[in-house]
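> need a 3D model of the following:
(one chain, ligands or ions: 2)
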Amino acid sequence: MAKARSEYVCQNCGSKSPKWIGHCPACNEWNTYVEEIIQREDKRSLSLKKTVSTPLKVTDITASKEKRILSGMHEFNRILGGGIVPGSTILIGGEPGIGKSTLVLQLTLLMTDRTSLYVSGEESAEQIKLRAERIGKLHEKCYILTETYLDTILDHISNLTPEFIVIDSIQTLYTDIIDSSPGSVSQIRECASQLLRYAKEHHIPVVLIGHITKEGHIAGPKVLEHIVDTVLQFEGDDQHIYRLIRSVKNRYGSTADLGIFEMTSTGLREVTNPSEILLSNWDEQLSGVAIASTLDGIRPFLIEVQALVSSSVYATPQRSSTGFDLRRLSMLLAVLEKRAGFRLTAKDVFLNIAGGLKIYDPAIDLAVIISILSSNFDLPVDSKTCFAAEVGLSGEIRPVSRIEQRIGEAEKLGFNKIFVSKYMNRKITDLSRFKIGIEFVGKVEDVFKRLFDK
Ligand code: TYD
Ligand code: MG
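Numbering: from 1, shown residues only. Ligands and ions are numbered 1, 2, ... in the order given. The predicted model follows:
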């Protein structure tokens, strides 16, 4: 028997070294090298498979237009670019408890016209059954397998010939070819490539669930993200009921889209009109609330920004923010102070984005500023008014991308006034079709005057 060779593999980025090193030169992480033994005599590995191939003219290649599989979850189809492509591998990453297992179980339960196999290395069959009962819609074409040994899983797959496979999670699988423990870089890579090969050869979609590291990346080598066709990131925090699915990589569609789900007692529910749930319908007008027309990727929605400004009891006032970058909040406060002459130095400022979402879109700036001023002066903003503009360091109101979509979404939801930058290029943006009142503003003081000086 050939001598087993061992090498040291960085558990963060997957780079290798013949001897142990403390600092990874590739990804700059410390103490990530772990010894992994590789049995070379078994050549079942993907990379070693020889195939006879010939170069083809691009015009001669006949690509049958793949018919996508519709998953029964509209939001899921949409983020994939219109359904699941047969033979593709989808990797879903997300924090523990976010609902990855719930999502994939729900997908298999909704796929009533196909035999599907849900392989779980984390939960027992009874636990999955209980969860499936909560979700409902049990049917006979959904098979559950609790196994972590890849070769057994592949045997079951070839006997059962499922048309949809889910692996929960890729970190729990192991194969004999690699001697290192499950979850190590080589195991993950090997198991994923074998499943990927099966998916491509048999034209079956495979969904892999991946754990994420504390930094928020999918655990295991980056190579996992390279070899799969689609990487979806499941986000949201367990304090809130909303969950977002973002596509980080997609070989068959755009990555600019976003799917929104709500976690209910009977599984995940799709949220087809996010604005309606993200906006509260207050009976009375409250101060400190402003609505921003924001975009995530290409999807417009309206979101409520809440601020509370109160006199500070400490020498250093408190500034706290949920769902919005704290440094950006400090910057906007400095702009208010210096450029617009609003005195907020001795005030505590608390800011919150409703619904537990995190917004990175700069177009929310104006709504942030207005909510702060509204709270500070205790003047409510009309509930049918919204904002879409960035605020610059000189206090100028700057134009933002895709303004037509933002205005369109505000109009659709029955708002009657939207504040935008007067510096936007009105030659290329056609705003004539909108019935909503569009207020063009150039400075923070202008907005303040138009809103509150009656
Ligand atoms: P789970 O899918 O197990 O998360 P992950 O696989 O990402 O670790 O989701 C677990 C959470 O979802 C758990 O805290 C309970 C909640 N949940 C519901 O609120 N309603 C439901 O119907 C289900 C199945 C789970
Ligand atoms: Mg799980």
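
> CA only for contacts and neighbour counts going forward, please
Noted.

> strands of the stretch 351-454 of the chain, start to end?
385-387, 390-391, 397-398, 417-421, 437-441 (DSSP state E, counting those that start in this stretch).

> restrict the fourth one to CA atoms and write it as CSV.
So that's strand 417-421. Extracted C-alpha coordinates of strand 417-421, given in CSV (Å, rounded to 0.1, in the frame of the first residue of the first chain):
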residue,chain,number,x,y,z
LYS,A,417,-45.2,63.2,-2.0
ILE,A,418,-41.6,62.1,-2.4
PHE,A,419,-38.5,64.3,-1.8
VAL,A,420,-35.7,63.8,-4.3
SER,A,421,-32.5,65.6,-5.2
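
> list, one by one, the residues from the protein near ligand 1.
For the chain, the residues found near ligand 1 under the criterion Cα under 6 Å from any ligand atom are 96-102, 131, 134-135, 263-267.

> got the phi/psi numbers for residue 141?
Main-chain torsions, residue 141, degrees, to the nearest 10: phi -90, psi 0.

> ok, it - contacts?
By Cα atoms under 8 Å, 6 or more residues apart in numbering, the contact set of residue 141 is 112-116.

> tell me the one among these nearest to ligand 1.
Proximity of the contacts of residue 141 to ligand 1 (Cα to the nearest ligand atom) peaks at residue 116, which lies at 17.8 Å.

> neighbours around the closest one, how many?
Residues within reach of residue 116, counting by other Cα atoms under 10 Å, total 24.

> distance of it relative to residue 269?
Distance of residue 116 to residue 269, given as Cα to Cα, to the nearest Å: 21 Å.

> got it, and residue 431?
Separation of residue 431 from residue 269 (Cα to Cα) stands at 35 Å.

> so who does whatever residue of the stretch 251-400 of the chain ends up closest to ligand 1 touch?
In the stretch 251-400 of the chain, the residue that lies nearest ligand 1 is residue 267 (3.3 Å; Cα to the nearest ligand atom). Shown in contact with residue 267 (Cα under 8 Å, 6+ apart): 102-103, 106, 134-135.

> looking at those residues, spot the one nearest ligand 1.
residue 102 (3.7 Å).

> in strands only, show me the residues of the chain next to ligand 1.
Taking DSSP state E, the ones among those that sit in strands are 263-264, 267.

> in its sheet, what does the helix or strand encompassing residue 260 sit against?
Counting by DSSP states H and E, the element that carries residue 260 is strand 258-264. Partners of strand 258-264 in the sheet, by DSSP bridges, are strand 242-250 (antiparallel), strand 267-270 (antiparallel).

> which of those has the lowest mean pLDDT?
For these, mean pLDDT drops lowest on strand 242-250, to a mean of 85.

> and stretch 242-252, how far out from the chain's middle?
Offset of stretch 242-252 from its chain centre (Cα atoms, centre = their mean, to the nearest Å): 5 Å.

> with stretch 324-344 instead?
For stretch 324-344, the distance to the chain centre is 29 Å (Cα atoms, centre = their mean).

> got the buried residues for it?
Buried residues in stretch 324-344, defined by neighbour count with 16 or more other Cα atoms under 10 Å: 324, 329, 332-336, 339-340, 344.

> please apply the same query to stretch 166-177.
For stretch 166-177, a neighbour-count test (16+ other Cα under 10 Å) marks 166-175, 177 as buried.

> count the neighbours of the residue nearest to residue 195 when sequence neighbours are not counted for me.
Leaving aside its chain neighbours, residue 195 sits nearest to residue 206 (7.6 Å; criterion: Cα to Cα, 6 or more residues apart in numbering). Other residues within reach of residue 206 by the criterion other Cα under 10 Å amount to 26.
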